[in-house]
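# let's see this in three dimensions:
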Amino acid sequence: MEEEDARAELEQRAREEREAEEAKREKELRDDKIREHMLRIFTGMEDVKIHRVQRNASLLKELEEQEQMRKRPLKYAELPDSLKAQFIGIREPGLHVGLEGDDIVFAVRIRPWGSFSDKKRDRIQDKLAIIMDYSRCSLPIKNNGSQNASSHGIRNGKDAFKAFGSMFAIGWHASMELGKTVVSYATAKSLVAQERLEGLLPRLPEVAQLYREGFCSLFPGAYERMSEEANSRDIAEWSDILFDGTDPKHPFANALVATNNDFCNFLHVDKDEIELAYGMWWAGILDPNTDSWRFDENIDHSNISGGQFIWGEYGIMVDFERSAGLVDIFWRGKKDQHSTMQSSTPKGMARFGTSVQITARGAGAFRRFWEMDESKRRSALTTMHDRLAS
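Below is the predicted model:
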């Protein structure tokens with residue numbers, strides 16, 4: 001009799017737990033419908049989807065094992081079906097928000113070029129073309145930690161993976177030059193590159209304004225926090241071509257990082273000062289007549305296979321190949337394991353990916369800079385115009 005009572009009590013408790021869990025899920029669904037409705041009103045986006053996400057340590061471990069086994073960044077087509085089945089692909093136009101409890105893990109906005117008015121599309125593409133042009137006169141970053149195989153438990157050998165693509169940056173970083181504290185990212189020294197830069201530098205603030213508008217409209221709270229962090233630390237914005245060691249005019253992210261040429265990397269967290277990151281992705285084509293990248297109505301993400309942006313612990317991926325137009329993303333770079341998978345691009349095309357962030361080393365450099373005697377600051381600074389003059 002006592003055993004039957006105990007069994008009945010256990011069954012009753014299990015039933016109550018199931019009912020409580022079901023009630024919790026039903027409440028979440030109702031609340032999320034309200035959130036989606038509010039987001040439609042607030043953002044003006046017709047299509048809004050909230051994704052309930054949860055960390056999965058075992059999935060992350062399996063993905064890292066795939067990297068170590070293959071000795072290269074992940075490629076979606078190579079993943080076992082059992083791992084593919086654990087991913088949710090974000091590809092439909094609209095706004096996608098990832099929630100874990102009440103925390104926003106990510107926000108993804110997909111807008112086909114045809115969804116913009118002609119005037120707005122042309123304005124956006126005009127600004128993004130500046131970044132594409134800048135790539136033709138920048139120097140590649142070759143010491144990116146997210147591409148360092150040994151730091152991900154992979155021993156380099158004769159078969160070491162080398163097709164990591166290209167990365168460059170615009171803005172400010174900590175100097176390794178003697179007597180310098182804060183310096184702008186280096187650029188090519190050729191006459192052609194220098195002439196291009198003379199035309200591009202004055203237009204960087206226009207690009208920065210586009211990124212501010214994009215970030216603020218996607219996730220206002222995160223945008224405000226990045227602004228406040230930069231303001232409180234006097235961190236010059238990456239596009240501030242007039243910064244001369246006195247007060248920054250528009251403090252914000254110190255670096256804009258851009259990638260192309262089938263860029264990929266290992267699962268990692270960013271070495272940033274704060275966890276907030278925002279970026280835009282689009283596809284372009286190289287014009288052989290002008291040796292410049294440009295937009296083309298016949299070229300889009302669908303022309304480029306792979307290259308998914310993933311959150312490894314959450315089983316979420318932005319499926320660029322099946323997306324279209326302009327894709328912008330907020331993510332917690334310093335907090336969540338993420339990576340860009342391998343891609344394959346036809347010759348003469350590229351998917352550009354970008355991010356604006358407050359880097360840890362950049363923030364540290366500005367802190368040391370402002371602690372210096374005021375009379376010594378200008379000599380410890382290398383500006384973008386200094387690069388051109390040297």
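# got any ranges where this structure has weak pLDDT?
Applying pLDDT under 70 to the chain picks out residues 1-2, 5, 16, 19, 24, 157-158.
# assign Asn265 to helix, strand or coil.
Secondary structure, DSSP: H, G, I helix; E, B strand; the rest coil: Asn265 is coil.
# which positions in the longest strand along the chain come out as buried?
When the chain is scanned for its longest strand (criterion: DSSP state E), the result is strand 276-287. Judged by neighbour count (16 or more other C-beta atoms under 10 Å), strand 276-287 contains these buried residues: Leu276, Ala277, Tyr278, Gly279, Met280, Trp281, Trp282, Ala283, Gly284, Ile285, Leu286. No exception for glycine: its C-beta is placed from N, CA and C like everyone else's.
# show me which of those is closest to Asn56.
Closest approach to Asn56 among the buried residues of strand 276-287 (C-beta to C-beta): Ala277, at 21.6 Å.
# leaving out chain neighbours, which residue sits closest to that closest one?
Among residues not flanking Ala277 along the chain, Gly333 sits closest, at 3.8 Å (C-beta to C-beta, 6 or more residues apart in numbering).
# centre of the chain to stretch 33-49, how far?
Distance, stretch centre to chain centre, for stretch 33-49: 23 Å (C-alpha atoms, centre = their mean, to the nearest Å).
# assumed Ile41 was part of a strand.
No. Using three-state DSSP, the assignment for Ile41 is helix, not a strand.
# look up how far Val183 lies from it.
45 Å (C-beta to C-beta, to the nearest Å).
# which stretches of the chain form helices?
Counting by DSSP state H, the chain has helices at residues 2-43, 57-70, 81-84, 118-134, 191-200, 204-218, 220-233, 360-371, 374-377, 384-389.
# show me what the third one is in contact with.
Put plainly, it is helix 81-84. Leu59, Glu62, Leu63, Gln66, Tyr76 (C-beta atoms under 8 Å, 6 or more residues apart in numbering).
# ok, 7 Å please
For helix 81-84, contacts defined as C-beta atoms under 7 Å, 6 or more residues apart in numbering pick out Glu62, Leu63.
# cool, and the second one?
Residues outside helix 57-70 that contact it (C-beta under 7 Å, 6+ apart): 73-74, 78-79, 83, 86, 152-154, 266-267, 312-313, 315, 337.
# stretch 28-38 now?
Counting by C-beta under 7 Å, 6+ apart, Val48, Ile50, Arg52 sit against stretch 28-38.
# got it, and stretch 174-181?
Outside of stretch 174-181, the residues within contact range by C-beta under 7 Å, 6+ apart are Val182, Val183, Arg361, Gly362, Gly364, Ala365, Arg368, Phe369, Met372, Ser379, Ala380, Thr382.
# who touches the fourth one in this structure?
Going by C-beta under 7 Å, 6+ apart, Gly362 touches Trp172, His173, Ala174, Asn254, Ala255.
# so it versus Arg155, what's the distance?
Distance from Gly362 to Arg155, counting by C-beta to C-beta: 31 Å.
# kindly report the same for Leu197.
On the measure of C-beta to C-beta, Leu197 and Arg155 end up 40 Å apart.
# how close does Ala107 get to Glu28?
Applying C-beta to C-beta to Ala107 and Glu28 gives a distance of 18 Å.
# let me fix that, I meant to ask about Ser323.
Ser323 sits 27 Å away from Glu28, going by C-beta to C-beta.
# between these two, which is the more surrounded one?
Ser323 (24 against 15; other C-beta atoms under 10 Å).
# rewinding a little: compare neighbour counts for Ile41 and Val183 and give me the winner.
More crowded of Ile41 and Val183, by other C-beta under 10 Å: Val183, with 20 against 9.
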